[in-house]
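# pasted the sequence and its predicted model underneath.
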Amino acid sequence: MKIAFATDGKSLEDKIALHFGRAKNFLVYDTETKDFESFTNPEIVSQALPPDFLHDLGIAAVVVFSLGPNAYKKFQGYGIKMYKAKEGSVLDNIKLFEQGKLFSLKEKDIF
């Protein structure tokens with residue numbers, strides 16, 4: 001399963017960005033191979049919408065603190081699950097995800 005994390009860095013030690021759409025990068029982690037790759041937010045480079053870009057990469061879930069209503073609707077339409085990030089690094093959140101300790105985004109996280 002591929003999971004995307006909104007971050008301003010490019011490593012597993014970096015923190016999760018506070019808002020999905022304003023993140024500089026998206027780190028994509030594969031839970032099966034344990035490999036990861038970092039991508040520049042496509043909206044910065046080509047004005048492509050991040051949900052479309054991540055869907056094309058085969059992402060099954062995103063882990064974020066918050067995101068906008070348009071991204072939320074797109075992810076819903078694609079069947080991509082959305083999880084609320086916890087304080088800490090991408091790696092911390094990967095561990096929490098694998099332990100089943102991350103929960104779906106709530107309506108208050110959509111703005």
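That came through fine. Numbering: from 1, shown residues only.
# list the buried ones in the lowest-mean-pLDDT helix or strand in the chain?
Lowest mean confidence among the helices and strands of the chain (mean pLDDT, DSSP states H and E): helix 42-45, at a mean of 90. Residues of helix 42-45 classed as buried: Pro42 (neighbour count, 16 or more other Cβ atoms under 10 Å). (Glycine included, C-beta is placed from N, CA and C.)
# so what's the backbone phi/psi at the residue located most distally from the centre of the chain?
When distances to the mean C-alpha position of the chain are computed (Cα atoms, centre = their mean), the maximum falls on Ser46, with 18.8 Å. The phi and psi values for Ser46, taken as degrees, to the nearest 10, are phi -130, psi 0.
# residues making contact with the least confident helix or strand of the chain?
Gly21, Lys24, Ala48, Leu49, Pro50, Phe53 (Cβ atoms under 8 Å, 6 or more residues apart in numbering).
# isn't the first one right up against Ser66?
Going back to what we said before, that points to Gly21. No - Gly21 lies out of contact with Ser66 (Cβ atoms under 8 Å); the separation is 9.1 Å.
# those two: which is more packed in?
The neighbour count for Gly21 versus Ser66, taken as other Cβ atoms under 10 Å, is higher for Ser66 (21 against 17).
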